[in-house]
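> sequence and predicted structure below; questions after.
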Amino acid sequence: MVLLESITIPLGTQMPSFKLEDPEGKSYASDTLGGERGLLVVFTCNHCPYALAVWPRLIRLAHYAKNLKINTVAINPNIHPDYPDDAPAKMMEKIKEWGIAFPYLVDEAQAIARAFKAQCTPDIYLFDKRRALVYHGRIDDNWQDESKVTHEELKEAINNLATGQLVALNQKPSMGCSIKWRF
């Protein structure tokens with residue numbers, strides 16, 4: 001496991017367009033995924049300890065954001081023969097086990113992860129209704145122990161986006177396992 005941080009991407013960057021399928025083969029296009037106020041895009045997987053630690057928070061935040069008219073999509077770029085826990089069949093198991101109520105998509109070619117410049121799982125992006133990046137950082141200040149969280153940066157960004165306030169410019173990078181690139 002190689003620990004990486006997300007890289008700095010200029011706020012205002014336009015969201016790359018994409019079309020991906022879920023593990024059952026249902027197709028989703030980026031231009032139809034956004035909510036009235038925006039879209040939360042998370043590159044994640046099933047096996048990384050960092051991703052596993054924050055999945056419950058992500059699921060709760062997605063529900064919270066949905067009530068504020070911001071949709072969520074998760075994208076798995078780790079479709080790699082050396083990581084069978086991230087295979088689409090295992091994604092289907094996790095969707096059921098965790099009750100994931102938003103699209104969890106397969107980026108088998110890893111082209112979308114590359115277009116977003118994703119580095120790690122999780123790598124988190126929040127876009128406004130015009131598809132401009134307003135937040136690219138971590139979920140909160142303690143990935144290991146949710147009971148010790150003192151600052152929920154992503155929730156704050158979601159609230160600010162939903163209420164028309166400025167999203168904080170000082171954004172701490174997300175960190176997690178490196179994406180398992182297929183070269």
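Yep, that arrived. Numbering: from 1, shown residues only.
> grab the nearest non-local neighbour of residue 100.
residue 59 (6.2 Å; CB to CB, 6 or more residues apart in numbering). Every residue, glycine included, has its C-beta placed from N, CA and C.
> surely the one you found and residue 99 touch.
Yes. Counting by CB atoms under 8 Å, residue 99 is a contact partner of residue 59 at 6.9 Å.
> of the two, who's got more company?
More neighbours surround residue 59 than the other of residue 59 and residue 99, with 17 against 9 (other CB atoms under 10 Å).
> which residue is nearest the centroid of the chain?
For the chain, the residue nearest the mean C-alpha position is residue 42 (0.7 Å; CA atoms, centre = their mean).
> and that residue, helix, strand or coil?
strand (DSSP: H, G, I helix; E, B strand; the rest coil).
> and for the one 4 residues further on?
In terms of secondary structure, residue 46 is coil; the call rests on three-state DSSP.
> quick check: it vs residue 6, distance?
Note on residue 46: its distance to residue 6, by CB to CB, to the nearest Å, is 19 Å.
> one more: residue 132?
Note on residue 132: its distance to residue 6, by CB to CB, is 18 Å.
> of those two, which one has the most company?
residue 6 (24 against 13).
> does the more buried one touch residue 139 like I think?
No. Counting by CB under 8 Å, residue 6 does not reach residue 139; the two are 11.6 Å apart.
> quickly find the element holding residue 65.
For residue 65, the host element (DSSP states H and E) is helix 49-67.
> can you pull the buried residues of that helix?
Buried residues in helix 49-67, counted by 16 or more other CB atoms under 10 Å: 50-55, 57-59, 61-62, 64-65.
> contact partners of the helix or strand that that helix is followed by?
Per DSSP H and E, the first helix or strand lying C-terminal to helix 49-67 is strand 70-76. Contact with strand 70-76 is made by 20, 28, 33-35, 37-46, 58, 61-62, 65-66, 86, 91, 100, 102-107, 112-113, 126, 158, 161-162, as judged by CB atoms under 8 Å, 6 or more residues apart in numbering.
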